[in-house]
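**Q** what shape does this take:
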Amino acid sequence: MHYALSADEFSHALDMVKESVVILNDDGQILWANKKTKTLFNFNSQELKGKEFARLITSSQDQPNNCDLTHFLAENNLLQNNDAKEVICNQKNGTPFPALLHLNKTKINERWLLCVTINDLTEKAKIQENMLWSSTHDPLTKLPNRQLLQTKLQDAIQQTVIEQNHIALIFIDLDNFKLVNDTYGHEMGDRLLKIIADILSHSARPHDTVARFGGDEFVILCEELSNQDEVVDIVNDILDSLHQPMTLENIEYVATASIGIAFDDAGSKNAQDLLKDADAAMYRAKDLGRDQWIFFKDSMHSDTRQKLSIAMGLHDALASGEFHIVIQPSYHLSPFKIAGGEALIRWIHKGELISPADFIPLAETNGFIYDIGLWVFQQCCQLMIKWQHRFDSGELEYISVNVSTRQLMDNNLLKDFKATLESTSVNPAYILLEITETAIMEDAGQDLEILHQLKGMGFRIAIDDFGTGYSSFSQLVNLPLDILKIDRCFIIPLEKKPQSRTLAKAIIDLAHNLGTSVVAEGIEDEFHETFLIENNCDKVQGFKYSKPIPLNEFEKLIL
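**A** The predicted structure is shown next:
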């Protein structure tokens, strides 16, 4: 049996190997190369034969290697420990590619030969490059992500110290973006984010970095600035561009944004501080009414710390008994007598009275408003039972309780209200539930169904702050209303603005034509009262009659 291989058989066998195989003499010249080598380097057999192998490899100076193989091997330790080494090889046309090179030296018939195997790492390099890109970019918008932004920001801060110029961070939060997702779905929301990313990229300067920070938040890093006016021009361009109508599947949408700006003076702050500053400024822009920009001021951080302190205190406020109720009376105008009262919550935390304007929005944001609102409702039910047992005047028609948007959205609302009615045995007809017009407009379909169920349980229903939520007449007709409350913004200017008088009269007539009574809020003087009497307003509420008062003072009014 014959076991020896001929030269042709040996060559053919090595041509089937997936790796490049090259045989060199001890001078580093190519004696033989397999088929993969020819394909990899784009040389034919004649071109490879006798060629110095070292010239196919890029040296540490990023140029084709011109030294002899012995020098190259020693320089790169390729014969040390028989280890493989990653190198850059060069095709015939000069195109470089990464490769893993493994080299062995052997002696045959008194002649030293070198056997080189080469693995092409191009695909591996592409995978690594893609992985690196994915780790530093947002997959949806293709913009740099938070990680890459922070790296670029740190580099930019160091550069400002050297060049003594300025950088700015523009923190952008889209206003009411959640409504897009909730109304049209997340797919539509993603399309909008892509459009916004494109708008921001075109609004920024070519060398600025536009990044998606997360959700509907974007950050623009502006470098090499001379003054703040350059940043102002950029943010004004952003807002103008966002205000241009966008078409999303035949839906015309106009975006607005709250924008905070942190301006750095020659590396005076680190990356984290600048991000915090820009974020704080953005929230101030949001608090001031949104759709605007504002520069950071140091006072904003103290405001933020105060908000955080309030938010943390809300966790234990109910359990600690820090909440109490005050009531603002409402009165019939003709004849003038007590009608009811609106229950309002007050919070005394560590001996300090915290304004509802400070803690109610935070409670709405973090979800505590449901528990707080339920507690107020339960307290009012207990109070009404107490008053019905103690006083038999029959003058008190109702106690009103505000119901928030978050409460209307909670699936437990009906169950919890029913449980409270059963535990207190209160007549729900004495409980007036006040829902703001704006709250109803956020999800009119679902809210309408819940309001009808509450009405079916026996509660009376009022729309609060009417005139501020843009109700349609068709929606008003379908609402199970007992009382319509005119917002104080229509009452305060009655004397000076004829238009306010026209609107107030129209709202009173509208309510009466719908079969509901009217409560006007914000009455402060005789002119307000006289106008409302002349125009047949049913009830009034305001500082002319009483500020919100403690429970014991309210009880004196209904004796």
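**Q** only C-alpha atoms from now on, for both contacts and neighbour counts.
**A** OK.
**Q** can you name the next helix or strand after whichever strand or helix holds His512?
**A** If you go by DSSP states H and E, His512 is part of helix 498-513. Toward the C-terminus, helix 498-513 is succeeded by strand 517-521 as the next helix or strand (DSSP H and E).
**Q** what about the next helix or strand after that next one, average pLDDT?
**A** Next in sequence after strand 517-521, counting helices and strands by DSSP H and E, comes helix 526-534. Along helix 526-534, the predicted confidence averages to a pLDDT of 94.
**Q** what's the answer for stretch 93-101, then?
**A** When pLDDT is averaged along stretch 93-101, the result is 89.
**Q** rewinding a little: gap between the helix holding His512 and the chain center?
**A** Distance of helix 498-513 from its chain centroid, counting by Cα atoms, centre = their mean, to the nearest Å, is 40 Å.
**Q** try stretch 165-179
**A** For stretch 165-179 - counting by Cα atoms, centre = their mean - the centre lies 10 Å from the chain centre.
**Q** swap in stretch 381-400?
**A** Centre to centre, stretch against its chain (Cα atoms, centre = their mean), the figure for stretch 381-400 is 45 Å.
**Q** before we move on, what about stretch 368-378?
**A** For stretch 368-378, the distance between its averaged C-alpha position and the chain's averaged C-alpha position is 27 Å (Cα atoms, centre = their mean).
**Q** and that stretch, what's its mean pLDDT?
**A** If you average the pLDDT values across stretch 368-378, you get 93.
**Q** show me what the helix holding His512 is packed up against.
**A** strand 483-486, helix 488-491, strand 517-521 (3 or more Cα pairs under 8 Å, 6 or more residues apart in numbering; DSSP states H and E).
**Q** low-confidence stretches in the protein?
**A** Regions of the chain meeting the criterion pLDDT under 70 cover residues 1-5, 7, 10, 59-83, 265-268, 303-304, 390-394, 438-446, 467-474.
**Q** longest helix in it, please.
**A** Once the chain is assigned using DSSP state H, the helix that runs over the most residues is helix 369-390.
**Q** that one: how far from the chain's middle?
**A** When C-alpha coordinates are averaged (Cα atoms, centre = their mean), helix 369-390 and its chain have centres 36 Å apart.
**Q** contacts for it, please.
**A** For helix 369-390, the external contacting residues (Cα atoms under 8 Å, 6 or more residues apart in numbering) are 318, 325, 343, 345, 360, 363, 399, 401-404, 406-407, 410, 416-417, 420-421, 424-426, 430-431, 555.
**Q** how does it look with 7 Å?
**A** Residues outside helix 369-390 that contact it (Cα atoms under 7 Å, 6 or more residues apart in numbering): 363, 401, 403, 406-407, 420, 424, 426.
**Q** give the bridge partners for Thr58, please.
**A** In this entry, Thr58 is beta-bridged to Pro64, by DSSP bridges.
**Q** gap between it and Leu114?
**A** Here Thr58 is placed at a distance of 19 Å from Leu114 (Cα to Cα, to the nearest Å).
**Q** what about the helices in the stretch 1-150 of the chain?
**A** 7-15, 35-41, 45-48, 69-76, 122-136, 146-163 (DSSP state H, counting those that start in this stretch).
**Q** now do the strands in the stretch 251-400 of the chain.
**A** All strands of the stretch 251-400 of the chain, identified by DSSP state E, counting those that start in this stretch, fall at 251-253, 257-265, 292-295, 323-333, 336-349, 352-354, 398-402.
**Q** how about those strands, which one is nearest Lys307?
**A** strand 352-354 (11.0 Å; Cα to Cα).
**Q** which strands and helices sit next to the closest one?
**A** Under the contact criterion of 3 or more Cα pairs under 7 Å, 6 or more residues apart in numbering; DSSP states H and E, strand 352-354 touches strand 336-349.
**Q** which strands border the strand it packs on, and is each parallel or antiparallel?
**A** Under the criterion DSSP bridges, the sheet neighbours of strand 336-349 are strand 323-333 (antiparallel), strand 352-354 (antiparallel), strand 398-402 (parallel).
**Q** in that strand, what's buried?
**A** Burial within strand 336-349, assessed by neighbour count using 16 or more other Cα atoms under 10 Å, is assigned to 338-347, 349.
**Q** I figured Glu52 hits Asp27, correct?
**A** No: using Cα atoms under 7 Å, Glu52 is not in contact with Asp27; the gap is 8.1 Å.
**Q** burial of the closest residue to Gln228 other than its chain neighbours, as a residue count?
**A** For Gln228, ignoring the flanking residues on the chain, the nearest one in space by Cα to Cα, 6 or more residues apart in numbering is Phe263 at 7.3 Å. Burial measure for Phe263: 23 neighbouring residues, criterion other Cα atoms under 10 Å.
**Q** what about Phe263, distance to Phe296?
**A** Spatial separation of Phe263 from Phe296 under the definition Cα to Cα is 8 Å.
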